[in-house]
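Asks: Provided below are the primary sequence and the corresponding predicted coordinates.
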Amino acid sequence: MPYRVRKVGGGRVKVVNKATGRVHAKATTPAKAQAQMNLLRGVEHGWEPTGAPAKKREGMSPREMIHRGLKTTKASRKRRK
């Protein structure tokens, strides 16, 4: 189902289901509203939240650093090999 972010004033927004009009988040920040929509879309497509925190990546690869416009160091190149 499609979701929409609507402004409610004061820099706050709400997340609304366009088809049903159901409000899933009200008076939240735009970043949290985007996260809420990502969660709702994931659940729609079969993702089941476990409650465990997401796995953290150890670091960027030299290729990813170059892609992001950062400078690589010898230490970062050795670490990923």
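Replies: Yes, it's here.
Asks: what's around Glu48, how many residues?
Replies: Using other C-beta atoms under 10 Å, Glu48 has 6 neighbouring residues. All C-beta spots, glycine's among them, are computed from the backbone N, C-alpha and C.
Asks: meant to ask about Lys32
Replies: By the criterion of other C-beta under 10 Å, Lys32 has 13 neighbours.
Asks: what helix or strand is it located in?
Replies: helix 30-44 (DSSP states H and E).
Asks: okay, that helix in PDB with CA atoms only?
Replies: This file holds the C-alpha atoms of helix 30-44, laid out as PDB (Å, rounded to 0.1, in the frame of the first residue of the first chain):
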ATOM      1  CA  PRO A  30      10.700  13.800   8.800                       C
ATOM      2  CA  ALA A  31      13.600  11.300   9.300                       C
ATOM      3  CA  LYS A  32      11.500   9.200  11.700                       C
ATOM      4  CA  ALA A  33       8.600   9.300   9.200                       C
ATOM      5  CA  GLN A  34      10.800   8.000   6.400                       C
ATOM      6  CA  ALA A  35      12.000   5.200   8.700                       C
ATOM      7  CA  GLN A  36       8.400   4.300   9.600                       C
ATOM      8  CA  MET A  37       7.400   4.200   5.900                       C
ATOM      9  CA  ASN A  38      10.400   1.900   5.200                       C
ATOM     10  CA  LEU A  39       9.300  -0.400   8.000                       C
ATOM     11  CA  LEU A  40       5.700  -0.500   6.700                       C
ATOM     12  CA  ARG A  41       6.800  -1.300   3.200                       C
ATOM     13  CA  GLY A  42       9.100  -4.000   4.400                       C
ATOM     14  CA  VAL A  43       6.300  -5.600   6.500                       C
ATOM     15  CA  GLU A  44       4.100  -5.400   3.400                       C
END
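Asks: next helix or strand past that helix?
Replies: helix 62-67.
Asks: burial count for the residue lying closest to Lys71 once chain neighbours are set aside?
Replies: Leaving aside its chain neighbours, Lys71 sits nearest to Met65 (7.3 Å; criterion: C-beta to C-beta, 6 or more residues apart in numbering). When counting by other C-beta under 10 Å, one arrives at 17 neighbours for Met65.
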